[in-house]
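Trainee: turn this into a model:
(one chain, ligands or ions: 1)
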Amino acid sequence: MRRKQSFFLLVSLPLLLNAADWDDSRQIERGKGLYAANCTSCHGVRAEGGLRFEGRRSPPALNGKGHVTHHSPETLLAHIRKGGTKRGEWMPAFEMRLDSKEQKAVLAYLYSLWPRKTWSRYEKKFPLKSMKESR
Ligand code: HEC
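Mentor: The predicted structure is shown next:
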């Protein structure tokens with residue numbers, strides 16, 4: 001019995017450790033500040049989504065209560081980097097304003113706002129790599 005338990009630990013520990021940095025409170029705090037400075041004006045103070053502006057598509061909610069949960073971490077990071085202008089949408093690109101660590105910290109902050117149930121479904125669908133490995 002004991003042997004079985006330690007086997008389980010050995011197998012699952014690296015998986016747990018891998019993605020643990022997304023939960024790191026310092027990353028989340030850092031992301032919160034970056035979000036406030038760069039994203040609030042469009043996506044809302046608590047990422048609840050913004051208003052339609054001059055007939056354009058309204059900035060979606062990023063707090064886990066909308067479509068955002070259907071996108072992989074890679075897709076979300078790419079959207080932050082490149083924005084939507086190349087596809088005829090209007091979110092500006094942030095790759096010149098936020099480096100890749102900052103982009104991930106913002107995403108970590110957004111994840112921290114998601115309801116737990118949504119989060120556990122998301123993690124099953126898109127097992128998170130550690131921040132260092134993610135792109
Ligand atoms: C000028 C307004 C504006 C700003 C500032 C802005 N966004 Fe957006 N964002 C949008 C709009 C509008 C969309 C919908 C698609 C598009 O236009 O690219 C969007 C889409 C997104 C998406 C894709 C969501 C999905 O469900 O597909 C993510 C992720 C995102 N924004 C994150 C951010 C983050 C993080 C910041 C700050 C670093 C930010 N946005 C700043 C307007 C904005």
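Trainee: which bits of this protein sit near the ligand?
Mentor: 38-39, 41-43, 57, 59-60, 62, 67-68, 71, 76, 79-80, 83-84, 89-92, 94, 106 (CB under 6 Å from any ligand atom). Every residue, glycine included, has its C-beta placed from N, CA and C.
Trainee: which residue ranges of this structure form helices?
Mentor: 2-19, 25-38, 40-43, 73-82, 100-113, 116-125 (DSSP state H).
Trainee: of the residues of the chain next to the ligand, buried ones?
Mentor: Among those, those buried by neighbour count (16 or more other CB atoms under 10 Å) are 38-39, 42-43, 59-60, 62, 68, 76, 79-80, 83, 91, 94, 106.
Trainee: contacting residues around the most centrally placed residue in the chain?
Mentor: Centroid-nearest residue in the chain, with CA atoms, centre = their mean: residue 107, separated by 2.9 Å. In this structure, residue 107 makes contact with 22, 31, 73, 76, 77, 80, judged by CB atoms under 8 Å, 6 or more residues apart in numbering.
Trainee: all set, thanks.
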